[in-house]
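Engineer: Here's a sequence, model it:
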Amino acid sequence: MTRAAILRAARDRFAADGYDRATIRAIAADARIDPSMVMRYFGSKENLFATAAEFDLRLPDLSGVPADRLGTALVSYFFTRWEGDSTLPALLRTASTNPSGAERVRAIFATQLGVAVGRVVADPDEAPRRAGLVASQLLGVALTRYVLRLPPMVDISPAELITWLAPTVQRYLRDPDPR
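Structural biologist: Residues are numbered from 1 along each chain as shown. Below is the predicted model:
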């Protein structure tokens, strides 16, 4: 019960304040416990963040998606996921200023997106490169829309963003290597 309350409070606080501004005291206050309990359960702010930032992209199995629809399916999925979840913006905010946060984002995308891409590309040896290209597009949009909140990006509907991004992601997933 206490551990779950701390994690809920930490996720909310990291999402609202970012890693650097979130404090153990504020997280403890949000969880209505003494700060020493946070340290007892997690040992450090960095360990708390790493645990709170356990992030499962819950990527769908794309192997059944027609090859010419992969870009649309993947981009649509991400927008559906992001529109209602504050965890990814918190991770991106933290990753931009904290090495542990950056490592966490790298691990999430390498293990989860990399595996999903590996299942749908023609040459599995190209999966890491192609997953990196896909991540650059998706994370770039997430950063500008959900973290920096640039007006043009915030004002574009998810459907319109999907229309813009899907062809690029499709190309990264399925087009022949241009080298």
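Engineer: contacting residues for residue 39?
Structural biologist: Neighbouring residues of residue 39 by C-beta atoms under 8 Å, 6 or more residues apart in numbering: residue 24. All C-beta spots, glycine's among them, are computed from the backbone N, C-alpha and C.
Engineer: Would you mind measuring from it to residue 47?
Structural biologist: Separation of residue 39 from residue 47 (C-beta to C-beta, to the nearest Å): 9 Å.
Engineer: Need the phi and psi values for residue 127.
Structural biologist: Torsion angles at residue 127 (phi, psi; degrees, to the nearest 10) stand at phi -60, psi -50.
Engineer: Surely it touches residue 118?
Structural biologist: Yes. Counting by C-beta atoms under 8 Å, residue 118 is a contact partner of residue 127 at 3.7 Å.
Engineer: So which of these two has more stuff around it?
Structural biologist: Higher neighbour count among residue 127 and residue 118: residue 127, with 19 against 16, using other C-beta atoms under 10 Å.
Engineer: Any regions of the protein where pLDDT drops low?
Structural biologist: Applying pLDDT under 70 to the chain flags residues 86.
Engineer: what helices or strands is the helix ranked longest in it leaning on?
Structural biologist: Ranked by residue count under DSSP state H, the longest helix found in the chain is helix 2-21. Packing partners of helix 2-21 (3 or more C-beta pairs under 8 Å, 6 or more residues apart in numbering; DSSP states H and E): helix 24-31, helix 35-42, helix 45-52, helix 87-95.
Engineer: Would you tell me which one of those helices is buried the most?
Structural biologist: Among those, helix 87-95 has the highest mean neighbour count (mean count of other C-beta atoms under 10 Å), at a mean of 23.
Engineer: Now residue 56: which helix or strand?
Structural biologist: Assigned by DSSP states H and E, residue 56 falls within no helix or strand.
Engineer: That one: neighbouring residues, count only.
Structural biologist: 8.
Engineer: Ok, the one 3 residues further on next?
Structural biologist: Burial measure for residue 59: 16 neighbouring residues, criterion other C-beta under 10 Å.
Engineer: quick one: residue 46 and residue 101 touch, right?
Structural biologist: No. Residue 46 is beyond contact range of residue 101, at 9.3 Å (criterion: C-beta under 8 Å).
Engineer: Now do the contacts for the residue of the chain most remote from its centre.
Structural biologist: Computed with C-alpha atoms, centre = their mean, the residue of the chain farthest from its C-alpha average is residue 34, at 30.2 Å. Contacts for residue 34 (C-beta under 8 Å, 6+ apart) come out as residue 28.
Engineer: So this protein: which segments form each domain?
Structural biologist: Domain assignment for the chain, taken from automatic domain parsing, gives 2-52, 62-174.
Engineer: how long is the shortest one from one end to the other?
Structural biologist: Taking C-alpha to C-alpha, to the nearest Å, domain 2-52 runs 14 Å from one end to the other.
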